[in-house]
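Trainee: Structure here, sequence nowhere to be found:
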């Protein structure tokens, strides 16, 4: 599968974009580094994936509205690719519809706060290794495309 | 050790900077992703480190001149952090002074070519894992600082 080569990938929806920014700032403050629009090997695209200081993998799925949440029945597929899973929503989102056994983040374009911690679920070593490798490849390739836009072939498959 | 938080890290020397760019373009074409000025756990800074499609770790050390090469007696320390090691030099560099059992790349600011392939030396699994993790953290953090310069604290230690 080709690496994602969009330099500045972000959600199309403006509310989701704001939430993504706040989430990344929160992650940064907690010592994790976030990467947006990360395509997993399953082909699904995680809104935000983060790598912690010890290699912990977190996925944050953004739901900008109730309709957005209701349209997505496939979020449980992400659980197999991370150790901690959070929904991130903007102010005004009806929190009671979200599954109580998943983490919850409230965010705007400036910052975010964890309302409910995610449960830690260990990941198989091979899966963790594969996702970590891909994380590095995708992040460095996006960086390379930003720093030397003339030099890198954005269409090159990985 | 704090993650390197320089957004656009590049060699101070203009010739080395050109060589670094050519090297990164070559790596890109070969399906590897390069990251410049990567600080290893030993505290030494590798000019370019790259992650291959299968996770292969390559270090490329740039020598802009004979004096630059002679001033550095510590390059063998890098061998413990990669599976393939190359020197990269500009046109006109006296190639005969370079160790014949290491890889060799000739580069300018536009492209580069491998003059001698590097020997493959297996890396211990734990070391490979640690370097790969740090690669992802550093790349994603530099990207985050570029994409949201107001949001991330550049001084935050990892």
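Mentor: Yep, it's here. Owing to the predicted nature of the structure, the values given are computational and were not obtained by experimental measurement.

Trainee: now the biggest helix by length in chain A against helix B:125-147, angle please.
Mentor: Scanning chain A for the helix with the most residues, using DSSP state H, yields helix A:125-147. Relative orientation of helix A:125-147 versus helix B:125-147 (axes from the mean of the first three to the mean of the last three CA atoms, to 10 degrees): 40 degrees.

Trainee: My impression was that residue A:35 belongs to a helix - is that right?
Mentor: No - per DSSP: H, G, I helix; E, B strand; the rest coil, residue A:35 lies outside any helix segment and is strand.

Trainee: which other helices and strands contact the helix or strand harbouring residue A:48?
Mentor: According to DSSP states H and E, residue A:48 maps onto strand A:45-51. If you count contacts as 3 or more CB pairs under 8 Å, 6 or more residues apart in numbering or on different chains; DSSP states H and E, strand A:45-51 packs onto helix A:14-29, strand A:33-39, strand A:57-62, helix A:125-147, helix B:125-147. All C-beta atoms are positioned from the backbone trio N, CA, C, and that covers glycine.

Trainee: Distance to residue B:104 added to these, as TSV?
Mentor: TSV is the format used below for the helices and strands packed on strand A:45-51 (distance: least, CB to CB, whole Å):
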stretch	distance to residue B:104
helix A:14-29	39
strand A:33-39	34
strand A:57-62	38
helix A:125-147	23
helix B:125-147	23
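
Trainee: Can you pull out the low-pLDDT segments for chain A?
Mentor: Low-confidence segments of chain A (pLDDT under 70): A:1-8, A:152-158.

Trainee: Quick one: neighbours of residue A:75, just the number.
Mentor: 17 (other CB atoms under 10 Å in any protein chain shown).

Trainee: quick one: the strand holding residue A:48 to strand A:57-62, angle?
Mentor: Going by the same axes, to 10 degrees, strand A:45-51 makes 140 degrees with strand A:57-62.

Trainee: List the contacts of residue A:72.
Mentor: Neighbouring residues of residue A:72 by CB atoms under 8 Å, 6 or more residues apart in numbering or on different chains: A:61, A:63.

Trainee: Alongside chain B, which residues does chain A contribute?
Mentor: A:8, A:21, A:24-25, A:28-29, A:31, A:33-35, A:51, A:53, A:55, A:129, A:132-133, A:135-137, A:139-144, A:146-148, A:151-153, A:156, A:158 (CB under 8 Å from any CB of the partner chain).

Trainee: Just the buried residues from those residues, in ChimeraX please.
Mentor: In ChimeraX syntax, the buried subset of these is picked out as below (16 or more other CB atoms under 10 Å in any protein chain shown):
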select /A:21,24,25,28,31,33,34,35,51,55,129,132,133,135,136,137,139,140,141,142,143,144,146,147,151,152,158
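
Trainee: To residue A:93, which of the helices and strands packed on strand A:45-51 lies closest?
Mentor: Closest to residue A:93 of these is helix A:14-29 (CB to CB; 9.5 Å).

Trainee: Who are the packing partners of that closest one?
Mentor: By 3+ CB pairs under 8 Å, 6+ apart, helix A:14-29 packs against strand A:33-39, strand A:45-51, strand A:57-62, strand A:84-89, strand A:103-107, strand A:112-116, helix B:125-147.

Trainee: Report how many residues lie close to the closest residue in space to residue A:15 that isn't next to it in sequence.
Mentor: By the measure of CB to CB, 6 or more residues apart in numbering or on different chains, the closest residue to residue A:15 outside its immediate chain neighbours is residue A:64, 4.1 Å from it. Neighbourhood size, residue A:64 [other CB under 10 Å]: 20.

Trainee: Please name the residues that touch residue A:64.
Mentor: A:11, A:13, A:15, A:16, A:19, A:89, A:90, A:93.

Trainee: ditto for residue A:17
Mentor: Contacts of residue A:17 (CB under 8 Å, 6+ apart): A:10, A:11, A:109.

Trainee: In three-state terms, label the second one for me.
Mentor: Judged by three-state DSSP, the three-state class of residue A:11 is coil.

Trainee: so who does it touch?
Mentor: Contacts of residue A:11 (CB under 8 Å, 6+ apart): A:17, A:20, A:36, A:37, A:47, A:62, A:64.

Trainee: Kindly report the same for the last one.
Mentor: Contacts here follow CB under 8 Å, 6+ apart; on that basis residue A:109 touches A:17, A:18, A:19, A:21, A:22.

Trainee: ok, of these, which one's closest to chain B?
Mentor: residue A:21 (6.1 Å; CB to the nearest CB).
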